[in-house]
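Novice: Just to be clear, the model below is a prediction. Sequence and coordinates:
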Amino acid sequence: MTKKSNHVIPSDEQGGWAVKKSGSARISRSFDRKEEAVKYGRELSRKEQTELYIHKRDGRIQERNSYGKDPIIPKD
């Protein structure tokens, strides 16, 4: 089973940004600014308890956050 995730990706529309669910052909929502897309992506991932991948303009992953139920407990 593939773990569900959301991605903040560059959008072709006038240099904007989009949030897209993994495995989906369609975007969830488009934004003019990356900050707005990240905020929406975090809210969505928290609600759905999924991973959030924030990409750079060149497509590489800039940051990754987990809002799900992680099976691994971090050591202090």
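Specialist: Looks like it came in fine.

Novice: and the gap between Lys21 and Arg64?
Specialist: When Cβ to Cβ, to the nearest Å is applied, the distance between Lys21 and Arg64 equals 15 Å. In this view, the C-beta of every residue, glycine as well, is placed from N, C-alpha and C.

Novice: neighbour count winner among those two?
Specialist: The residue with more neighbours, out of Lys21 and Arg64, is Lys21; 16 against 12, by other Cβ atoms under 10 Å.

Novice: Quick check, pLDDT for the more buried one.
Specialist: At Lys21, the pLDDT value in this model is 96.

Novice: Report the beta-bridge partners for it.
Specialist: Taking DSSP bridges, one finds Asn6 as the beta-bridge partners of Lys21.

Novice: Next up, the contacts around it.
Specialist: With contact taken as Cβ atoms under 8 Å, 6 or more residues apart in numbering, Lys21 is in contact with 4-7, 28.

Novice: ditto for Val8
Specialist: When the contact criterion is Cβ under 8 Å, 6+ apart, the partners of Val8 are 17-19, 34, 37-38, 41, 52-55.

Novice: pLDDT weak spots in the chain?
Specialist: Flagging of the chain using pLDDT under 70 yields the residue ranges 1-2, 13-14, 69-76.

Novice: Run through the helices of it in chain order.
Specialist: Listed in chain order, the helices of the chain (DSSP state H) span 34-48.

Novice: Run through the strands of it in chain order.
Specialist: Defined through DSSP state E, the strands belonging to the chain, from first to last, are 5-10, 17-21, 29-31, 51-55, 61-66.

Novice: quick one: the first one to chain centroid distance?
Specialist: Centroid displacement of strand 5-10 relative to its chain, using Cα atoms, centre = their mean, to the nearest Å, is 4 Å.

Novice: Using neighbour counts, trim the contacts of Lys21 to the buried set.
Specialist: Neighbour counting by 16 or more other Cβ atoms under 10 Å classes 5-7 among those as buried.

Novice: would you list the residues you listed in TSV and tack on distance to Arg46?
Specialist: What follows is those, written out as TSV (distance: Cβ to Cβ, whole Å):
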residue	distance to Arg46
Ser5	13
Asn6	10
His7	15
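
Novice: sorry, back to before: and which of the contacts of Val8 is nearest Ser11?
Specialist: Minimum separation from Ser11 among the contacts of Val8 (Cβ to Cβ) is found for Ala18, which lies at 4.1 Å.
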